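Undergrad: Coordinates for the following, if possible.
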Amino acid sequence: MASKKKTVSRDRILKFAVKEFSRVGLAGARMDNIARRAKISKGRIYYHFKNKDDLFAAVLQSAFQNERASQAAPEHPVSAIRFWSDFYRLNKEWSWLLIREGLERKKENARYEDEARRYWEAAVAKMRLNAGPGNWPEFFDQSQLLLSLVAMEIAPIAFPHLARLITGKDSNSAEFQRERMEFLTTFAQFCVDRVAPSSSSGTGLQAPAPAGRDAAS
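TA: I've put the predicted structure just below:
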């Protein structure tokens, strides 16, 4: 029973820490605020986590340990880009954690880094496995492709002011979100349609020559 209470207490701390860190970042987060919102003593937080940095690392680690989203994500590019765009939009706290982490962390945390690296390596491996006709072009560097897709999907959340300045629309508006989704799915379908279905078909886009290569060679 005591062990169960400790787990519940720790999970509750993480739940409210996510809200605090995503709202104000590591530097602005206050243990007092987390304790108050979680309705526990600050001493209980320090029972589970030695300091704020340790708590922040645990929050990030817990996010990557949750594989439900990855398992539920469809494989086809059009469906996948729609799924992840909706995921980041509907889970802004997680999206902001990624952004805050990139802005504020000055050093690696082995516990978090290992968890995160495994998560993204699995995602890249899945893309490589499914690359080819009917999917993302196999001649793309899959790690660069995944990084680019995440950037595209998370951009309106990370840069709402740029979204407004460039498109003239509020990134939270239904009109912007509809147009954004239309663009992303059209982009994904364009990539799929340009993959050569077979070497003998004579149609579709072939792999481009490496940079600097003489086109006549």
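Undergrad: which SS state does residue 134 fall under?
TA: Recorded secondary structure, residue 134: coil (DSSP: H, G, I helix; E, B strand; the rest coil).
Undergrad: shouldn't it be in contact with residue 192?
TA: Yes. Here residue 134 reaches residue 192: they are 6.5 Å apart, a contact under CB atoms under 8 Å. (Each C-beta comes from the backbone N, C-alpha and C, glycine too.)
Undergrad: For stretch 131-150, measure first residue to last.
TA: 17 Å (CA to CA, to the nearest Å).
Undergrad: Flag every buried residue along it.
TA: Of all the residues in stretch 131-150, those buried under the rule 16 or more other CB atoms under 10 Å are 131, 135-137, 140, 142, 145-146, 149-150.
Undergrad: For the longest helix along the chain, enumerate the helices and strands it packs against.
TA: As assigned by DSSP state H, the longest helix anywhere in the chain is helix 2-28. Packing partners of helix 2-28 (3 or more CB pairs under 8 Å, 6 or more residues apart in numbering; DSSP states H and E): helix 31-38, helix 42-48, helix 52-65, helix 92-104.
Undergrad: quick check: angle from that helix to helix 92-104?
TA: 60 degrees (axes from the mean of the first three to the mean of the last three CA atoms, to 10 degrees).
Undergrad: State the mean pLDDT of helix 2-28.
TA: Helix 2-28 carries an average pLDDT of 80.
Undergrad: Buried residues in that helix, which are they?
TA: Those would be 9-10, 12-14, 16-22, 25-26, for helix 2-28 by 16+ other CB under 10 Å.
Undergrad: What lies in contact with stretch 51-59?
TA: Stretch 51-59 has contacts (CB atoms under 8 Å, 6 or more residues apart in numbering) with 13-14, 17-18, 21, 26, 29, 31, 34, 45, 49, 97, 101, 109, 111-112.
Undergrad: what distance separates it from the middle of the whole chain?
TA: What separates the centre of stretch 51-59 from the centre of its chain is 19 Å, taken as CA atoms, centre = their mean, to the nearest Å.
Undergrad: Now, the buried residues of stretch 131-150 that are in strands?
TA: Among these, no member falls in strands (DSSP state E).
Undergrad: Looking at the buried residues of helix 2-28, which two lie furthest apart in space?
TA: 9 and 25 (24.3 Å; CB to CB).
Undergrad: If you count neighbours, what's buried in stretch 157-175?
TA: Applying 16+ other CB under 10 Å to stretch 157-175 flags 157-158, 163-164, 171 as buried.
Undergrad: May I ask which of these comes out lowest in pLDDT?
TA: When the buried residues of stretch 157-175 are compared, residue 158 shows the smallest pLDDT, 89.
Undergrad: ok, it to residue 164 distance?
TA: To residue 164, residue 158 is 13 Å away according to CB to CB, to the nearest Å.
Undergrad: remind me which residues of the chain are low pLDDT?
TA: 1-8, 65-69, 104-112, 196-217 (pLDDT under 70).
Undergrad: and it, what are its domains?
TA: Domains of the chain are assigned by automatic domain parsing as 1-65, 67-196.
Undergrad: Can you tell me the closest non-neighbouring residue to residue 70?
TA: Closest residue to residue 70 apart from its sequence neighbours, by CB to CB, 6 or more residues apart in numbering: residue 123 at 6.8 Å.
Undergrad: Just give the number of residues close to that neighbour.
TA: Residue 123: 17 surrounding residues under other CB atoms under 10 Å.
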